[in-house]
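Peer 1: Take this sequence and fold it.
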Amino acid sequence: MTHKLILAATTAIAMASTAFAAGHMTNPTVGGAEMLASMNIVENASNSPIHTTLVAAVVAAGLADTLAGDGPFTVFAPTDDAFAKLPAGSVEKLLLPENKDRLVQVLTCHVVGTNALSQAIQGMIADDNGKHPVPTLGGCTLQATYDNGVIMLEDEQGQVATVTVADVMQSNGVIHVIDTVMLPATKS
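Peer 2: From the prediction side, this is the model:
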């Protein structure tokens, strides 16, 4: 079953990449900005007017070179409004140099080390009876579900994010725009 799912996901990714290259599909815009499949994750995020906080955090965490690298990566990219939903002062505190390790952990809880398109994610959710664990590079495990074709992610603190823009192809992966910052479990 796992090999079939990997093969199906790989085939879907190859077909989408071929269609983008052939010009048969267009990347969705994000915040009104054109996202180019020929640009990497950092380049496109930097062009998005609704991801300024995310880009600042990625730079502060020292992750820009990594996310501009070969990948493939799937990034669940929280918007500025998602960061604004955090308690007052949280973002500013995370951006302090002494909190860099925590910032890296939070950001990498939004990154998966593969290229996962929404169709493949929905297939994995269906195969897992409605909820699929998504292990991230930050050591968090998000729980993916979907309803009426909309993917939702639950973090380790029980917060739920909705994918508001799916399948934004990048030269080194894919971005799915989300409306909530995913957080790792709190330490007891």
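
Peer 1: OK, contacts around the spatially most central residue of the chain?
Peer 2: Note on the chain: the residue nearest the mean C-alpha position is Phe76, at 1.5 Å, using Cα atoms, centre = their mean. If you count contacts by Cβ atoms under 8 Å, 6 or more residues apart in numbering, Phe76 has them with His110, Val111, Val112, Leu142, Leu153, Ala161, Val163, His176, Ile178, Met182. Where C-beta positions appear, they are placed from N, C-alpha and C, glycine not excepted.

Peer 1: can you pick the most crowded of those?
Peer 2: Among the contacts of Phe76, the one with the most neighbours (other Cβ atoms under 10 Å) is His110, at 27 neighbours.

Peer 1: What distance do you get for that residue to Ser38?
Peer 2: According to Cβ to Cβ, to the nearest Å, His110 stands 23 Å off from Ser38.

Peer 1: now do Val75
Peer 2: On the measure of Cβ to Cβ, Val75 and Ser38 end up 17 Å apart.

Peer 1: Compare these two and say which one has the larger neighbour count.
Peer 2: Legend: neighbour count by other Cβ under 10 Å for Val75 and Ser38, higher for Val75 (27 against 12).

Peer 1: What count of nearby residues applies to the closest residue in space to that one that isn't next to it in sequence?
Peer 2: Residue nearest to Val75 in three dimensions, not counting chain neighbours: Ile175, with 5.0 Å by Cβ to Cβ, 6 or more residues apart in numbering. Per other Cβ under 10 Å, the neighbour tally for Ile175 reads 26.

Peer 1: just Leu63 next, same as before
Peer 2: That count, for Leu63 with other Cβ under 10 Å as the rule, works out to 19.

Peer 1: unless I'm mixing things up, it is touching Val106, no?
Peer 2: No. In this structure Leu63 lies outside contact range of Val106 using Cβ atoms under 8 Å: 10.9 Å.
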